[in-house]
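>>> Need the 3D shape of this:
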Amino acid sequence: MIGDQILLHSGDSTSRVLAIEKEADRYKIEFESGFRFTPEAMVATINQVVTETGIATSYLVEVENCETKKVIYSYEVGNSTTKDLIPCKLRVQPKACYKLFVTILDSNQSALSLYNNNNAVPAKEASSSKSQISYLGIAASVLFCIAMLGLFIYFRREKQVIPKDPNMILVGQYRFDKKAMTLSLKHETTELSGKEADLLYLLCHSENQTLTREYILEVVWGDEGDYIGRTLDVFVSKLRKKLIADASIKIINIRGIGYKFIIDNQG
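Residues are numbered from 1 along each chain as shown. Below is the predicted model:
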């Protein structure tokens, strides 16, 4: 899901994510084709998948260039006291072959570790404490089984809330199908152009963040060279009209900078 969402965010809906390789708690994600990315978009994309699936609370992400074998970007989530700190977040990385390494840092402590620090019992006390140790072993086994059952129920519930279709995104009251490029509200469906879909995807995945005009043009239009100064304003206007049925959705123009996408649930 992480590989798929990264490719979709880069505008690639056809290339394959290659077989995932796992070493201990480290996962390697490789791609069939090269892509460009910005740290801000990659962090948001990976965090969304990790949050929805509940696979980790602490993890390390490393991006390696396939040719140089060097890590060109990395960050860690969960162990930092500073939240929302994304280095070089608006610096666009050029299109190239990249590998992603995701390391799970969570450490789960089993119930058996509750009494693993006991020292050896002196010989004269061994006989009198044998029964007590036996009861502790039984109690630990019961606690372990309860913990495993709790984890099973937890992950089963988490699995049930994972969307069946990763391309279907809730945007306010709308259902946004990234792959089909449609917006649905109740029984009405509105078609989007390719650029409208890419722009909406970028905006809704950067909710409450101010995006510069240059960043939006680079991510959505890239090096196609088919946009002019007013193109972005025109497409924003089109999206506003297609989202007008939900008054809580706003695409705000930040004068001299760019745009901010917000959903006012109290509006």
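>>> Without its sequence neighbours, what residue ends up closest to Gln209?
Lys260 (6.7 Å; C-beta to C-beta, 6 or more residues apart in numbering). Every C-beta, even on glycine, is put in place using the N, C-alpha and C of the backbone.
>>> Oh, that last question was meant for Ser193, not what I typed.
Spatial nearest neighbour of Ser193, excluding adjacent residues (C-beta to C-beta, 6+ apart): Met181 at 7.2 Å.
>>> same thing with Lys95?
Using C-beta to C-beta, 6+ apart, the nearest residue to Lys95 is Arg36, at 4.2 Å.
>>> which ones are touching the residue nearest to Ser193?
Going by C-beta atoms under 8 Å, 6 or more residues apart in numbering, Met181 touches 191-194, 196-197.
>>> Please apply the same query to Leu100.
Per C-beta under 8 Å, 6+ apart, neighbours of Leu100: 2-3, 6, 28-30, 61-64.
>>> That one is in what secondary structure piece?
Secondary structure from DSSP states H and E places Leu100 in strand 98-104.
>>> just how off-centre is that strand within its chain?
13 Å (C-alpha atoms, centre = their mean, to the nearest Å).
>>> quick revisit: right, and out of the contacts of Leu100, which lies closest to Glu207?
Ile6 (18.4 Å; C-beta to C-beta).
>>> And for the closest one, nearest residue in space, chain neighbours not counted?
Ile6's closest residue in space is Thr45 (C-beta to C-beta, 6+ apart), at 5.7 Å.
>>> Assumed the one you found was part of a helix.
Yes - membership of Thr45 in a helix is supported by DSSP: H, G, I helix; E, B strand; the rest coil.
>>> Do I have it right that it meets Ile2?
Yes - applying C-beta atoms under 8 Å, one finds Thr45 in contact with Ile2, separated by 7.4 Å.
>>> Thr182: neighbouring residues, count only.
Close neighbours of Thr182, defined as other C-beta atoms under 10 Å, add up to 16.
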